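one predicted model, sequence on top.
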Amino acid sequence: MLVKSSKFLSRPFFSRPTIVVARELLGCELIREFRGIQLSGIIIETEAYIGETDLACHARAGRTNRTQFLYGSPGHTYIYFTYGMHWMLNIVTERKNFPAAVLIRSITPKKGIESMKRFRSGKPLTRLTNGPAKLTQAMNITKKQNGIDCCNANSIIKVKRGSKTYNSQILKNTRIGLGQTPEPWFSKPWRFNLKDISKP
DNA sequence: AGCACGATTAACT
DNA sequence: GTTAATCGTGCTC
């Protein structure tokens, strides 16, 4: 299958249903190049946000300046700012003009750990990248990286294929931080965790 | 032009 | 367990 032919995840991988992409991103290596060195980690938690009808998704408000890349081509980053201080990294899925993406919520640090620690004020390994705003801080990801194409060997953000994961290794849960989002969206089991992963 | 709030985190008690 | 920090965004006036 074409999707399995490359070391890095390509357009066809992201051009599939968001839930499938969110599950299959687990175990893959998120790589961010910064000044010639690689900062990376294994993705262990993701969430799916799917379309204008999903009232937890930013696209609920329709197409705005903020959500332009959410409506763009799959395989590109959608990065937004929240709580006055945090940047969140998503990768766009499905197809152009359909707003959907996977939020990367947690990674296990792999490469460039000393650099990531500097960006995180010396936080210990156990708290280095175990949260959506922690991993963007560790990788020095902000709005400057919004809308970049991850499906390019030269991209500064890309994802390396992981080994196959099985359903028995994946935990499904409800999404975090939804506040007053109404049902049924509040309870959609669209958060995915890799279990039995060796965390630092 | 002004305002309420957020796909969170760290530092508290 | 609770809460302050902090500002871009989208909505209302």
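It's in. Quick caveat: nothing in here was measured; it's all calculated off a predicted structure.

just the helices in chain A please.
Assigned by DSSP state H, the helices in chain A fall at A:11-14, A:18-25, A:113-119, A:132-138.

hmm, who's touching the first one?
Residues lying outside helix A:11-14 but in contact with it, judged by Cβ atoms under 8 Å, 6 or more residues apart in numbering, are A:2-3, A:21, A:24, A:73-75, A:91-94, A:150-151. Where C-beta positions appear, they are placed from N, C-alpha and C, glycine not excepted.

what residues does chain A put near DNA strand B?
A:47, A:49, A:56-58, A:70, A:78, A:81-86, A:88, A:90, A:101, A:103, A:120, A:123, A:127, A:131-134, A:175-180 (Cβ under 7 Å from any atom of the strand).

restricted to strands, list these.
Among these, the ones falling in strands (DSSP state E) are A:E47, A:Y49, A:Y78, A:F81, A:T82, A:H86, A:M88, A:N90, A:A101, A:L103.

max pairwise distance over these: which two?
Put simply, by Cβ to Cβ the two of these set farthest apart are A:E47 and A:F81, 17.4 Å from each other.

what distance do you get for the closest residue to DNA strand C within chain A to A:T77?
With Cβ to the nearest atom of the strand, the shortest gap between chain A and DNA strand C falls at A:G84, namely 2.3 Å. Separation of A:G84 from A:T77 (Cβ to Cβ, to the nearest Å): 21 Å.
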